[in-house]
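Peer 1: coordinates for the following, if possible.
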Amino acid sequence: MMDPQHARDLLAARREEVEKELAADTPRREDEEPDPFEAGDASVDLLETELAEAQIERLRDELAAIERAERRLAEGTYGLSVESGEPIPDGRLEVIPWAERTADEQARYEGQRG
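Peer 2: Below you'll find the model as predicted:
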């Protein structure tokens, strides 16, 4: 099982990265929306805005998952699947320290949601 301090360090480092990305990717304010009659290609601006909003949503979801992982770490359940209670391999936690399920469980979970 992964060393708790190492897990804290991994989570803290990723939290910092996500928070920096969120600060840099602030969405365009409504008063800054391009006028479709003046813009050269409003569809390009709209696509860029939608992509930026999707990125921000993904980062917020990841930040929430990091917070849940930090809670599990404090509760002593970090590294165990929230679904089955089975250990999540350290190799998976090294890459995705906020992982909530084993890789197989995550694939099934995403398949059910998709």
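Peer 1: buried sites along the lowest-mean-pLDDT helix or strand in the chain?
Peer 2: Every helix and strand of the chain was ranked by mean pLDDT, DSSP states H and E. The lowest is helix 42-75, at a mean of 89. The neighbour-count check on helix 42-75 (16 or more other CB atoms under 10 Å) flags Leu59, Glu62, Leu63, Ala65, Ile66, Ala69, Glu70, Arg72, Leu73 as buried. Using the backbone N, CA and C atoms, a C-beta is placed for each residue, glycine as well.
Peer 1: Ser81 contacts Asp104, correct?
Peer 2: No. Look at Ser81 against Asp104 with CB atoms under 8 Å: they stay out of range, at 9.7 Å.
Peer 1: more neighbours: which of those two?
Peer 2: Ser81 (17 against 11; other CB atoms under 10 Å).
Peer 1: so, low pLDDT: which residues of the chain?
Peer 2: Applying pLDDT under 70 to the chain flags residues 26-44, 114.
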